[in-house]
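Got a predicted structure plus its sequence, pasted below:
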Amino acid sequence: MKLAHKLAALLVLGNCAVLFAYGLLARQREASMFERSMERDTFLAGETLLDTIEQTWASEGQEAALELIAQASRRQEDMEFRWLGPAKLAAAGVSSSAWETSGASEPVVRREGDIFRIYIPYAPPRGAPGALEVSQDMRPDEAYVRSSTFLLVGAALASALVSGGLAFGIGEVLVGRPMQLLIRRIERVGAGHLSGRLELGRTDEIGAVARALDRMATDLERAQAKAAEEAAERRAALNQLRHAERLATVGRLAAGIAHELGTPLNVVLARAKLLQKNGEDAHKVRRHAEVIVAQTQRMTQIIRQLLDFARRREAERRPADLRSIAETVVEALAPLARKRGVSLELAGVAKAVACVDPGQFEQVLTNLVMNALQASPPGAPVVVALRRVLDTPPPEHDRPPGPHWCIEVRDRGPGIPEEHRERIFEPFFTTKDVGEGTGLGLTVAHGIVAEHDGWIVVDSPSDGGACFRVFLPAEKDDEGVEAATAVANATEEAP
């Protein structure tokens, strides 16, 4: 039920209750007044007749007095007069002994159903004492009281209907419609539509609520704009931070790439010198040119990979093959691994589809693999493995258990002390020597993975080494993925 209807119903019920109480009291008061008036009128009529009876009885005798009583009874339509001697008084249930002993003359009043009776004592000069009975029919008076009651009830019902209609109409205009406008405005604000204002043009409490709601919407709109601006600034700062960390990674890759470019450059130089010597032999010239082209393409590919990694890109999440991204990272970091004497291996499923930004995930994997290469001693392997798991996300993700891709990066380095694991993703926290790291690589990786609805777990066994596990929600891909996943996982678990 609407608020306006509730208020109107309460007003109508209250009005009806007041009118009912008033009608009940008025009926009781009117009935009591009629009864007292009837008693008084009956008594006065009896006293008046009794005075005449006394005179007639004294002058003309009992018969004349009784005839006078009969004539008076015939003349009155609503009253009846009778003379009752001791025997008839006893039959009527009225004792005359009290009158005889005390000499009192108080009348006796009785009501028998619809008949009102009054007994007025009288002791005649000759004969036994008795009483004049005056009886009156109360039904006409009660009919009048009932008629008055019906009129009062009708007036109460009419008043309730009129007041109810007015209350419903006024309540709908003053409360119902404004409340509907307020509700619609609140729903729009809740849905994020903060524009527009609710102009009710009222100075009462509902108008105050509407103005407060408009002020709240204005404040929310300003706060929303400010939050969007701050979010854009944070995204820009985060992108700059990631790009800076990417450039720092490029710097660390430069030494390995320079070493990698040295071999093909030497080959190109040697072949060019041979061309100078064997310029007349067309077959040798062609063979030397082919070698130069191949080595040049190799150097171009190495430089392109470095530039692609360093280039700033806009984030764009789409279904991508994590295995393909991992192969690109392993290929790009292979020169650095060879320079440090570390073997870099890729294992696991042949295809792993997830909704990621390929460039950002490549940066995550590059940071993790570079950390593993820097921590590994010569001759130790660094393994990048992909497998499909059914896991439960951490509580902050608020998601049920489901299929995820687990990307592991394992090394055989000294491991991570337990006191450092809680701080390992903090900005600028690093355990490397000065010049070997910025302290931002794992922070950036952790942020990117969190933005992709994933998480990172760090393990460091007591016997050394470290394992970083990146979990990302798995995408539904072709039917062969499930079989390939099962085979790869079984292969990894086999002794």
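Arrived safely. Numbers count the residues shown, from 1 in each chain.

State whether Cys116 is indeed within a helix.
Heads up, residue 116 is Phe, not Cys. No. Phe116 sits outside any helix when classified using DSSP: H, G, I helix; E, B strand; the rest coil, being strand.

and it, what does it touch?
Going by Cβ atoms under 8 Å, 6 or more residues apart in numbering, Phe116 touches Glu35, Met38, Glu39, Thr42, Val109, Arg110, Ser135, Gln136, Asp137, Met138. Glycine gets a C-beta too; all of them are placed from N, C-alpha and C.

where's it relative to Gly130, distance?
Phe116 is 20 Å from Gly130, where distance means Cβ to Cβ, to the nearest Å.

With Ser37 instead?
27 Å.

of these two, who's got more company?
With neighbours defined as other Cβ atoms under 10 Å, Ser37 and Gly130 compare such that Gly130 has more, 23 against 11.

thought the more buried one was touching Ala90?
No. Contact criterion Cβ atoms under 8 Å: Gly130 and Ala90 do not qualify, at 10.9 Å.

Domain ranges for this protein, per the record?
3-159, 322-495 (automatic domain parsing).

Dump those into CSV; add distance to Glu316 and mean pLDDT as well.
Converted to CSV, the domains of the chain look like this (distance: least, Cβ to Cβ, whole Å; pLDDT from 0 to 100):
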stretch, distance to Glu316, mean pLDDT
domain 3-159, 51, 77
domain 322-495, 6, 80
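
could those domains go into TSV alongside distance to Ala227?
Below are the domains of the chain laid out as TSV (distance: least, Cβ to Cβ, whole Å):
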stretch	distance to Ala227
domain 3-159	35
domain 322-495	18
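
out of those domains, deepest packed?
Sort those by mean neighbour count, taking mean count of other Cβ atoms under 10 Å, and domain 322-495 sits at the top with a mean of 17.

continuing past the helix or strand harbouring Val369, what's the next helix or strand?
If you go by DSSP states H and E, Val369 is part of helix 358-375. Following helix 358-375 in sequence order, the next helix or strand is strand 381-391 (DSSP H and E).

And that following strand, what does it pack against?
Counting contacts by 3 or more Cβ pairs under 8 Å, 6 or more residues apart in numbering; DSSP states H and E, strand 381-391 packs against helix 322-340, strand 343-348, helix 358-375, strand 402-411, helix 480-493.

For Val285, which of those is the nearest?
Counting by Cβ to Cβ, Val285 lies closest to helix 322-340 out of the helices and strands packed on strand 381-391; the figure is 30.7 Å.

which strands and helices sit next to that closest one?
Helix 322-340 is packed against helix 205-277, helix 282-310, strand 343-348, strand 353-356, helix 358-375, strand 381-391, strand 402-411, with contacts defined by 3+ Cβ pairs under 8 Å, 6+ apart.

distance of Gly23 from Leu152?
Between Gly23 and Leu152 the distance is 4 Å, computed by Cβ to Cβ.

again, but for Arg177
Here Arg177 is placed at a distance of 36 Å from Leu152 (Cβ to Cβ).

what's the answer for Thr48, then?
Thr48 sits 35 Å away from Leu152, going by Cβ to Cβ.

circling back: report the two of the contacts of Phe116 separated the most.
Greatest spatial distance among the contacts of Phe116 (Cβ to Cβ): Val109 and Asp137, at 15.7 Å.

What strand or helix carries Leu7?
Using DSSP H and E, Leu7 sits within helix 3-60.

I meant to write Val449 there.
Applying DSSP H and E, one finds Val449 within helix 441-451.

Relative to the whole chain's centre, how far out is that helix?
Relative to the centre of its chain, helix 441-451 is centred 33 Å away, using Cα atoms, centre = their mean, to the nearest Å.

Specify the angle between it and strand 402-411 in degrees.
Here helix 441-451 runs at 170 degrees with respect to strand 402-411, directions being taken by axes from the mean of the first three to the mean of the last three Cα atoms, to 10 degrees.

for helix 441-451, packing partners?
helix 205-277, helix 358-375, strand 455-459.

Of those, which shows the lowest average pLDDT?
In terms of mean pLDDT, the lowest-scoring of those is helix 205-277 (a mean of 72).

any idea how far the closest residue to Leu19 other than its chain neighbours is from Gln28?
Using Cβ to Cβ, 6 or more residues apart in numbering and skipping the chain neighbours, the partner closest in space to Leu19 is Ala156 (3.7 Å). Computed as Cβ to Cβ, the Ala156 to Gln28 distance reads 16 Å.

and if you look at Met370?
Here Met370 is placed at a distance of 101 Å from Gln28 (Cβ to Cβ).

now do Arg388
Arg388 sits 89 Å away from Gln28, going by Cβ to Cβ.

swap in Leu11?
Leu11 sits 26 Å away from Gln28, going by Cβ to Cβ.

same deal with Val349?
For Val349, the distance to Gln28 - Cβ to Cβ - is 95 Å.

What of Arg318?
In terms of Cβ to Cβ, Arg318 sits 88 Å off from Gln28.

Equivalent analysis for Glu422, please.
From Glu422 to Gln28 the distance is 86 Å (Cβ to Cβ).

what do you get for Glu54?
Per Cβ to Cβ, Glu54 is found 39 Å from Gln28.

Wait, a helix at Gly196?
No. Using three-state DSSP, the assignment for Gly196 is coil, not a helix.
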